[in-house]
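S.K.: Following is a predicted model, sequence given first.
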Amino acid sequence: MLPSLKKQYPFIEEDCNWQVLQQKLKDLSLAFKNCWKNYEKSGQFNPPKFQRKFHNDSIRYLQDFERNGRGEPVNCFHKNPQGFIIEQHNSRIELQRLGSIRYRKHRPLGGIPKTVTVKKELGQWFLCVQMKVEAQAPKAGFSS
């Protein structure tokens, strides 16, 4: 579906990261799947509502890249990073097609970054970073 959309609308390929486009298509697919699940349960067909432009603005980047103190990519699965690179030493995140953005860190990022969601709420832009962390085993002898 995505290749046919890129042929029909060439600006999509120039302006958007392919992962962002795939995530939006997955969101749309999930909305229709939930619509049919609700139809099977209740018998009422409520299709997803298309939102107007600039409503619920958000994009989601995948990949997990981080730069070490020398600026070299680490934790990479590809030779050319596609999605995002987090530079914790100078509080910047580099998003493909958007460039380098400075962010305010509220707590240290621990683990391997998996996704970055950029969203607009109340006129301000926010970054949400989802991390993969190792779970700690519960202590023996503790009961609740």
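M.R.: Noted; the coordinates are in hand.
S.K.: can you list contacts of stretch 105-118?
M.R.: Contact with stretch 105-118 is made by 58-62, 64-66, 75, 83-84, 86, 88, 91, 93, 95, 98, 125-134, as judged by C-beta atoms under 8 Å, 6 or more residues apart in numbering. Quick note: C-beta positions are derived from backbone N, CA and C, even for glycine.
S.K.: hang on, I meant stretch 42-50
M.R.: 28, 31-32, 35, 38-39.
S.K.: Now, the residues you listed that are in helices?
M.R.: 28, 31-32, 35, 38-39 (DSSP state H).
S.K.: For this protein, which helix or strand comes out least confident on mean pLDDT?
M.R.: strand 66-67 (a mean of 54; mean pLDDT, DSSP states H and E).
S.K.: and the residue lying closest to F32 once chain neighbours are set aside, helix, strand or coil?
M.R.: Distance criterion C-beta to C-beta, 6 or more residues apart in numbering; nearest residue to F32, sequence neighbours excluded, is P48 at 6.4 Å. Going by DSSP: H, G, I helix; E, B strand; the rest coil, the secondary structure assigned to P48 is coil.
S.K.: Please shift the residue numbers so they start at 227 in all later answers.
M.R.: Sure, I'll start counting at 227 from here, so that last one is P274.
S.K.: Which phi and psi values does P274 adopt?
M.R.: Per-residue torsions, P274: phi -60, psi 140 (degrees, to the nearest 10).
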